[in-house]
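*Asks:* How does the following fold in three dimensions:
(2 chains)
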Amino acid sequence: MKLPQKVTRKRMRIILTTVIVVAILTSVGNRYNITLLNTISDVLTYPISKIVMFTKYNISDFFTNFTDVEEIRHQNELILEENARLTYENSILYQLEEENIHLKELLELKNRYEEYPSEAANIIGKDPGNWYKIFTIDKGLISGVNKNDIILANGALVGYINDISPLTATVLPIIDDRSYVSIQIVRSGDNGIMTGELELTNKGLVSVEVDITSDIVPGDQIITSYLSDIFPPGIPVGEVIEIMPDNDGLSKKALVSPIVNFDTLKSVLIIKKGEEE
Amino acid sequence: MRYVVIAFILILSFVLQSTLFEYIRIFNVAPNLLVMIVVSFALLRGAKEGVVIGFAGGLLYDTTYSVIVGSSAISYMILGYVCGKLHPYCFRENNILPFMCTLFGSLFISAMNLIGFILRADLEFVYFLPRVVIPELLYTITLTLVVYHMSYTINEKIEMREKKTRNLF
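*Replies:* Numbering: from 1, shown residues only, chains lettered A, B, ... in the order given. The predicted structure follows:
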């Protein structure tokens, strides 16, 4: 291809300016710990996905308003009954709580994650493929969120922040195939490893591998263990629903149903540990 | 002009896929829109543009949802290149070539994903094939002709515009 000199000169200028701009952006990014590519794709996709999600939630809310009135009346009666019962139970629980605090002080077992500051966030996108379950939330570095911060919903574990950019953060949930969490069985105190498996993700379940000698039965509560770097100890995860026969004679495998329902998850709670990378 | 339109298509399809497409999931399986777009534009415009579109689309996916940046950018780039090499054999009104290309393209992307699983010693092919690979393939190829015709009209319009601007100079 033969081009006039004017065009080649113009092209050289364009290439030079792009190189300089990219170099400046990378050095600035390095300085403030912001990834360049993430930021660019963020700025491009964030407004659109935010708008789409916003309208989606609002429209569905508007229509469910009409259909739900009858149901809500019925529920209201039930709730009033339940309220009376709960007030009674609450008074008992209050006594138990005081007892519990006393015992905890004795054991010096503090629920550490309650001390961390927290922030609510909305889910603005889910992995479009069929292999993984990663999703993005609308809080990022600007909101003071850091990598490896914990994500909770309904007081139970969802996952941790795997990747972060100025406006959004990517969450690796516990049902993803690439997630591994060190867990503990509440009743017996045995440790194990919880991992998502592709066979189970679509049903919203996870699998737990424990030692062959450990004591685990269906109905056991699972919490995060004290061994993990990322997760503070004592966050509830879920309940064992089935023990699978092992195939190697060294470990037991159990199916765990998480407390969080990942299909209907809309908003989450970020626990800021305040740690730098 | 062309780059702006194609970038807009890529971003819009990516955002729609990650937000609203969860409603059209059948048995928790979603179609792969990016494969269709990359294959259509590569067949219509040739290898050079196919590579660029495949790389850009894959990178957009990588930066947001992937743990390792580059894995899907490379696979979509290869897909764009191979389909672009078939550009001389493609009659634009013929539907068979885009159909076959999307079929093998979807298989290829699934295979690249499987490599990721194999590297983590997860070898349950018996599960993956009937539950993930085949449904995704079927869903993708049923929608492929719709997407192909849409990109065909868009491409036609852009080319008309380009002809006009060229005549001016």
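
*Asks:* Can you find which helix in chain A contains the most residues?
*Replies:* The helix spanning the most residues in chain A, taking DSSP state H as the definition, is helix A:36-107.

*Asks:* Quick one: mean pLDDT over the next helix or strand after it.
*Replies:* Sequence order places strand A:118-126 as the next helix or strand after helix A:36-107, per DSSP states H and E. Strand A:118-126 carries an average pLDDT of 82.

*Asks:* which secondary structure elements does strand A:118-126 contact?
*Replies:* Judged by 3 or more Cβ pairs under 8 Å, 6 or more residues apart in numbering or on different chains; DSSP states H and E, the packing partners of strand A:118-126 are helix A:36-107, strand A:135-137, strand A:267-271, helix B:2-19. The way it works is simple: take the backbone N, C-alpha and C, and place the C-beta from them, glycine included.

*Asks:* relative to helix B:2-19, how tilted is it?
*Replies:* 120 degrees (axes from the mean of the first three to the mean of the last three Cα atoms, to 10 degrees).

*Asks:* okay, now residue 139: neighbour count?
*Replies:* No chain in the question, so chain A it is. 22 (other Cβ atoms under 10 Å in any protein chain shown).

*Asks:* try chain B instead
*Replies:* Neighbours of residue B:139 using other Cβ under 10 Å come to 20.

*Asks:* can you check residue B:12 too?
*Replies:* Neighbour tally, residue B:12, other Cβ under 10 Å: 14.

*Asks:* Please report how far the nearest residue to it once chain neighbours are set aside lies from residue B:13.
*Replies:* Using Cβ to Cβ, 6 or more residues apart in numbering or on different chains and skipping the chain neighbours, the partner closest in space to residue B:12 is residue A:48 (7.1 Å). Taking Cβ to Cβ, to the nearest Å as the measure, residue A:48 falls 11 Å from residue B:13.

*Asks:* can you check residue A:184 too?
*Replies:* As judged by Cβ to Cβ, residue A:184 and residue B:13 stand 44 Å apart.

*Asks:* Give me the more crowded residue out of these two.
*Replies:* Comparing residue A:184 with residue B:13 by other Cβ under 10 Å, the one with more neighbours is residue A:184, at 22 against 19.

*Asks:* Identify all residues paired with the more buried one through a beta bridge.
*Replies:* For residue A:184, the beta-bridge partners under DSSP bridges are residue A:191, residue A:223.

*Asks:* pLDDT score for it?
*Replies:* With respect to pLDDT, residue A:184 has a value of 85.

*Asks:* re the thing from before, so the residue nearest to residue B:12 touches residue B:17, yeah?
*Replies:* No: using Cβ atoms under 8 Å, residue A:48 is not in contact with residue B:17, being 11.8 Å away.

*Asks:* and of the helices and strands packed on strand A:118-126, who's closest to residue A:234?
*Replies:* Proximity to residue A:234 (Cβ to Cβ) singles out helix A:36-107 among the helices and strands packed on strand A:118-126, at 10.5 Å.

*Asks:* Taking strand A:267-271 as reference, get the angle to that closest one.
*Replies:* 70 degrees.

*Asks:* mind checking how far helix A:36-107 is from the chain centre?
*Replies:* Averaging C-alpha positions (Cα atoms, centre = their mean, to the nearest Å) puts helix A:36-107 16 Å from its chain's average.

*Asks:* could you say what helices and strands that helix packs with?
*Replies:* Counting contacts by 3+ Cβ pairs under 8 Å, 6+ apart, helix A:36-107 is packed against helix A:5-32, strand A:118-126, helix B:2-19, helix B:47-65.

*Asks:* Recalculate using a threshold of 10 Å.
*Replies:* Other helices and strands packing on helix A:36-107, by 3 or more Cβ pairs under 10 Å, 6 or more residues apart in numbering or on different chains; DSSP states H and E, are helix A:5-32, strand A:118-126, strand A:135-137, helix B:2-19, helix B:47-65.

*Asks:* where does the chain have low pLDDT?
*Replies:* Let's take chain A. A:1-4, A:33-34, A:36, A:102, A:105-115, A:274-277 (pLDDT under 70).

*Asks:* wrong one, chain B
*Replies:* Using pLDDT under 70, chain B drops low at B:166-169.

*Asks:* Look up phi and psi at the residue most central in space within it.
*Replies:* Residue closest to the mean C-alpha point of chain B, counted by Cα atoms, centre = their mean, is residue B:35 at 1.9 Å. The phi/psi pair for residue B:35 (degrees, to the nearest 10) reads phi -60, psi -50.

*Asks:* Need the nearest residue in space to residue A:169, chain neighbours excluded.
*Replies:* Spatially, and ignoring its direct neighbours in sequence, residue A:169 is nearest to residue A:161 (4.8 Å; Cβ to Cβ, 6+ apart).

*Asks:* Is the helix of greatest length in chain B in proximity to chain A?
*Replies:* Longest helix in chain B, counting residues (DSSP H): helix B:134-168. Yes: residues of helix B:134-168 contacting chain A under Cβ under 10 Å from any Cβ of the partner chain: B:135-136, B:139.

*Asks:* other SSEs contacting that helix?
*Replies:* Under the contact rule (3+ Cβ pairs under 10 Å, 6+ apart), helix B:134-168 is packed against helix B:2-19, helix B:33-45, helix B:96-119.

*Asks:* Need the winner for burial among these.
*Replies:* Among the helices and strands packed on helix B:134-168, helix B:33-45 has the highest mean neighbour count (mean count of other Cβ atoms under 10 Å in any protein chain shown), at a mean of 27.

*Asks:* Check whether that one comes near chain A.
*Replies:* Yes: against chain A, helix B:33-45 shows contacts by Cβ under 10 Å from any Cβ at B:33-34.

*Asks:* now that helix against helix B:47-65, angle please.
*Replies:* 160 degrees.

*Asks:* could you check the angle helix B:96-119 makes with helix B:33-45?
*Replies:* Using the same axes, to 10 degrees: helix B:33-45 against helix B:96-119 is 140 degrees.

*Asks:* quick one on the thing from earlier: looking at the helices and strands packed on helix A:36-107, which is buried most?
*Replies:* Scoring the helices and strands packed on helix A:36-107 by mean neighbour count under mean count of other Cβ under 10 Å gives strand A:135-137 as the most buried, with a mean of 25.

*Asks:* neighbouring strands for the helix or strand encompassing residue A:157, and are they parallel or not?
*Replies:* Taking DSSP H and E as the criterion, residue A:157 maps to strand A:156-164. Counting by DSSP bridges, the strands paired with strand A:156-164 are strand A:150-153 (antiparallel), strand A:169-173 (antiparallel).

*Asks:* pull the CA atoms of the last one into PDB?
*Replies:* Read that as strand A:169-173. C-alpha atoms of strand A:169-173 as PDB (Å, rounded to 0.1, in the frame of the first residue of the first chain):
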ATOM      1  CA  ALA A 169     -15.700  -5.200  42.300                       C
ATOM      2  CA  THR A 170     -15.900  -8.900  41.200                       C
ATOM      3  CA  VAL A 171     -17.100 -11.400  43.800                       C
ATOM      4  CA  LEU A 172     -16.000 -15.000  43.800                       C
ATOM      5  CA  PRO A 173     -19.000 -16.800  45.400                       C
END
